[in-house]
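**Student:** Need a 3D model of the following:
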Amino acid sequence: MAIYYLTCKDNGEVDEISNALLEKKLVACAKKFPVESRFWWQGNIDNANEVVVMYESMEENFEKINTEVKKLSSYETYILFSIPVSKTTKEVESWLKEELK
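**Tutor:** From the prediction side, this is the model:
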């Protein structure tokens, strides 16, 4: 299991990407929340209101998820990373395996 972390420009973009990933059975769940970001961009400190989305999926889906995000993200450089889950309940494992078949 892995948790995927992705930043997007707004709720509409998160919904579009999340729906595509859910429909392709690459993720089992999407959770989104607004954030205020400060970051280095092209040599300057910048800031933006963004939306973070966290997906519940499997580690082996990274390349397929990245391919879909690349098609749909408006960002030139988007932040996508995978966080391996070292432990979870048997119920969660079963749910993920069932939903992502």
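
**Student:** residue contacts, the residue lying closest to E93 once chain neighbours are set aside?
**Tutor:** For E93, ignoring the flanking residues on the chain, the nearest one in space by Cβ to Cβ, 6 or more residues apart in numbering is M1 at 6.9 Å. To be clear about C-beta, it is placed using only N, CA and C from the backbone, and glycine gets the same treatment. Taking Cβ atoms under 8 Å, 6 or more residues apart in numbering as the criterion, M1 is in contact with 56-59, 84-85, 88, 92-93, 96.

**Student:** what ranges do the helices span in the chain?
**Tutor:** In the chain, the helices defined using DSSP state H lie at 11-23, 62-72, 90-99.

**Student:** distance of the residue nearest to E93 from C8?
**Tutor:** Spatial separation of M1 from C8 under the definition Cβ to Cβ, to the nearest Å is 22 Å.

**Student:** cool, and Y75?
**Tutor:** 8 Å.
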